[in-house]
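>>> just a sequence and a predicted model for now, questions to come.
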Amino acid sequence: MRERSYHIITFGCQMNVHDSQWLGRVLQRRGFAEGSLEEAQVVVVNTCSVREKPEQKVMSALGRIRQATNSNPDVLVVVTGCVAQQLGEELFRQPQVRLVAGSDGIASAPEAIERLLAEPDRKLSLLDFTSSYEEREEGVRAPSGPVAYVNIMQGCDNFCAYCIVPYTRGRQKSRLTAAVLDDCRKALEDGAREICLLGQNVNAFGRDKHGDGVSFADLLRQVAALPGLLRLRYVTPHPKDMGPEDVALFGELPNLCPRLHLPLQAGSDAVLARMGRKYDAARYIELTDALRAARPDIALSTDLIVGFPGESEEDFQQTLALMRRCGFMSSFSFCYSDRPGTRASRFLDKIAPDVQQDRLLRLQALQEELGQAWLDARIGQETDLLIEGESRRDDSSDGLRSWQGRDPYGALVHVGLPSADGDMTGRMVRVRLTEAKKHSLLGQQAGASW
Ligand code: SAH
Ligand code: SF4
Ligand code: F3S
């Protein structure tokens, strides 16, 4: 074990990834160094409980930690995130776990870690929700990757019937616009060229008692105007809160990328109503039509749940039909899973796992077809790539090195660039798309990089 070293294991959504990066940078500022699981003095597991599978992964990670550290009592195990919020002090049953910090509690985790290292017999839990978004301690400033994520809010007020997030992340709390802009500016100064704004329901930004009256559309305008920002994206919007102004911005802001991940969940009005999503299929279609009118080339992706309680085969067919109608370039799809405390967990008409699985496979087969059609249609087009790093595809030849990046639609593109150009990470490159692979594209350089 190495004194003052830490190791962070992250599960779950982009917000967790973001929280883990923040925690790492703060620990570094306090003199900790990142290390392997085997050598770390402080092991943090940042957890997700959105579905049963992610939660099980967390539990097996705790087992792995015990093994890797030989149950060394001097190793401080910290559990943060949604499972920590949900299970709380139950997690102390694993003796190495001495800090449990929930969604808001994570903000005080660095201090608590220091205290626990000084007081080896103590355990601490930080499970209270704060009443407003608390700005966090600053970590070390480090060069940013090409894409930076900036949190604009915490929590969610929607209480969709299946979802645990409002319980684990608490009520919606918007950050102040100035704080968001400040983070964006710093990220750009540190080298980011693309910013992705994060929240569980971004269109509702500012619409809680903690906001400063600036709407999401106004926030977007202000972020988009920051010097040096080449690309702007956001996740996750909610169809019920996505207003005409949010839609129109896709036609107005040149650096707002023509891609939207817009969770549909289901195509049947009856299922949507029981999910408590507060929109129907017609509204979703109207919204996607409006998005296409504002930005004809916009690419849409989505989240889908199959086998929600009471979902009939006919309901499911409506999901497939709507997927076709919207032509999603990609989707995340899940079998409905019971989450403790949610309304849907008390619904009686649960769907058998084999039926759920069968629907999931059929849905994913359709998605493959739609995704492939979307990729195929791109061949011959020119586009701009933001290079994110070296490509694992090894087709380097003739003095070319393989790189991968994303186009404005968020599609993954591999391209060979002259080895003599050196490290291309963070550069924008003009490419012509030549070939579609299963989930990515191949391109050739078609212009200078910048
Ligand atoms: N705030 C975002 C993300 C929520 S969690 C949103 O509203 O879209 C990410 C996805 O997990 C959801 O979109 C949903 O498709 C899925 N999900 C959430 N709870 C689930 C459950 N109990 N069973 C199956 N999938 C679930
Ligand atoms: Fe969960 Fe619904 Fe909130 Fe998304 S909008 S986090 S699915 S409650
Ligand atoms: Fe998971 Fe919590 Fe995110 S449940 S998806 S880590 S908000």
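Nice, I can see it. Ligands and ions are numbered 1, 2, ... in the order given.
>>> flag the shaky bits of the stretch 351-450 of the chain, pLDDT-wise.
394-396 (pLDDT under 70).
>>> and the residue lying closest to V214 once chain neighbours are set aside, what does it touch?
Here the nearest residue to V214 in space, its sequence neighbours aside, is T177; by C-beta to C-beta, 6 or more residues apart in numbering that works out to 4.4 Å. C-beta: built from backbone N, CA, C; applies to glycine. By C-beta atoms under 8 Å, 6 or more residues apart in numbering, T177 lies in contact with G206, D212, V214, D218, L219, Q222.
>>> right, and the helix or strand after the helix or strand hosting A112?
Secondary structure assignment for A112, by DSSP states H and E: helix 109-118. Counting by DSSP H and E, the next helix or strand C-terminal to helix 109-118 is strand 124-126.
>>> that next one - contacts with which helices or strands?
strand 97-101, helix 109-118 (3 or more C-beta pairs under 8 Å, 6 or more residues apart in numbering; DSSP states H and E).
>>> pull up the pairing partners for the helix or strand just after that strand, direction included.
For strand 124-126, the following helix or strand on the C-terminal side (DSSP H and E) is strand 147-151. Take DSSP bridges as the rule and strand 147-151 pairs in its sheet with strand 194-198 (parallel).
>>> centre of the chain to the partner strand, how far?
Here strand 194-198 is found 10 Å from its chain centre; the criterion is C-alpha atoms, centre = their mean, to the nearest Å.
>>> any idea how far ligand 2 is from H210?
17 Å (C-beta to the nearest ligand atom, to the nearest Å).
>>> can you check S36 too?
34 Å.
>>> disregarding residues adjacent in the polypeptide, which is nearest to that residue?
Closest residue in space to S36, ignoring its immediate chain neighbours: H7 at 6.4 Å, by C-beta to C-beta, 6+ apart.
>>> now do A187
Sequence neighbours aside, A148 is the residue nearest to A187 in space, at 3.5 Å (criterion: C-beta to C-beta, 6+ apart).
>>> and the one you found, what are its bridge partners?
Bridge pairing for A148 - DSSP bridges - gives I195.
>>> change the start of the numbering to 3 and stick with it
Fine by me, first position is 3 from now on; the one you just mentioned is A150.
>>> hmm, back to that, phi, psi of the residue nearest to V216?
Torsion angles at T179 (phi, psi; degrees, to the nearest 10) stand at phi -60, psi -40.
>>> could you measure it against E113, distance?
27 Å (C-beta to C-beta, to the nearest Å).
>>> D248 too?
38 Å.
>>> okay, the two: which has more neighbours?
Counted by other C-beta atoms under 10 Å, D248 and E113 do not tie: D248 has more neighbours, with 23 against 14.
>>> contacting residues for the more buried one?
Contacts of D248 by C-beta under 8 Å, 6+ apart are N205, F218, A219, L222, P239.
>>> burial count for the last one?
To tie it back to what came earlier, the one meant is P239. The tally of other residues near P239 (other C-beta under 10 Å) stands at 20.
>>> ok, now how distant is G213 from I108?
22 Å.
>>> that older thread, helices or strands next to the helix or strand harbouring the residue nearest to S38 in the packing?
Following DSSP H and E, one finds H9 within strand 7-12. If you count contacts as 3+ C-beta pairs under 8 Å, 6+ apart, strand 7-12 packs onto helix 16-31, strand 35-36, strand 44-49.
>>> now do 6 Å
helix 16-31, strand 44-49 (3 or more C-beta pairs under 6 Å, 6 or more residues apart in numbering; DSSP states H and E).
>>> tell me the most buried of these?
Mean neighbour count (mean count of other C-beta atoms under 10 Å) peaks for strand 44-49 among the helices and strands packed on strand 7-12, with a mean of 26.
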